[in-house]
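Engineer: sequence and predicted structure below; questions after.
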Amino acid sequence: MRHFTDLTDLTRDELAHLLTEATRLKAAQKRREPIDTLARRQVALVFEKPSLRTRVSFEVAVTQLGGASALL
């Protein structure tokens, strides 16, 4: 797994793909189309510090992508 922590971590093509995919997902969400990127997958959420807003944001994102989350 690669981590995206800085803009220079990605090539020009990778960044273009990331932006295209984000646009596609946003449009699908607006049309209320199901997105199954995480279908049949369980995502563990581990946070160093408690933050209700962050936890809820991540849980909503996982659900919108078709997955299920578990807080550890």
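Structural biologist: That came through fine.
Engineer: so what touches the helix or strand bottoming out on mean pLDDT in the chain?
Structural biologist: Counting by mean pLDDT, DSSP states H and E, the chain has its least confident helix or strand at strand 68-71, which shows a mean of 89. With contact meaning C-beta atoms under 8 Å, 6 or more residues apart in numbering, strand 68-71 is reached by 41-45, 47, 55, 58-59, 62-63. In short, each C-beta sits where N, CA and C put it, glycine included.
Engineer: again with stretch 31-42
Structural biologist: 25, 28-29, 62, 64-70.
Engineer: sticking with Glu21, tell me its helix or strand.
Structural biologist: helix 12-30 (DSSP states H and E).
Engineer: just checking: what are the partner strands of the least confident helix or strand of the chain?
Structural biologist: Strand 68-71 has the following sheet partners, assigned by DSSP bridges: strand 42-45 (parallel).
Engineer: CA atoms only for the partner strand, dumped as PDB, please.
Structural biologist: Listed next in PDB are the C-alpha coordinates belonging to strand 42-45 (Å, rounded to 0.1, in the frame of the first residue of the first chain):
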ATOM      1  CA  GLN A  42     -15.100  -4.800   6.300                       C
ATOM      2  CA  VAL A  43     -13.000  -1.700   7.100                       C
ATOM      3  CA  ALA A  44     -11.400  -1.400  10.600                       C
ATOM      4  CA  LEU A  45     -11.200   2.200  11.800                       C
END
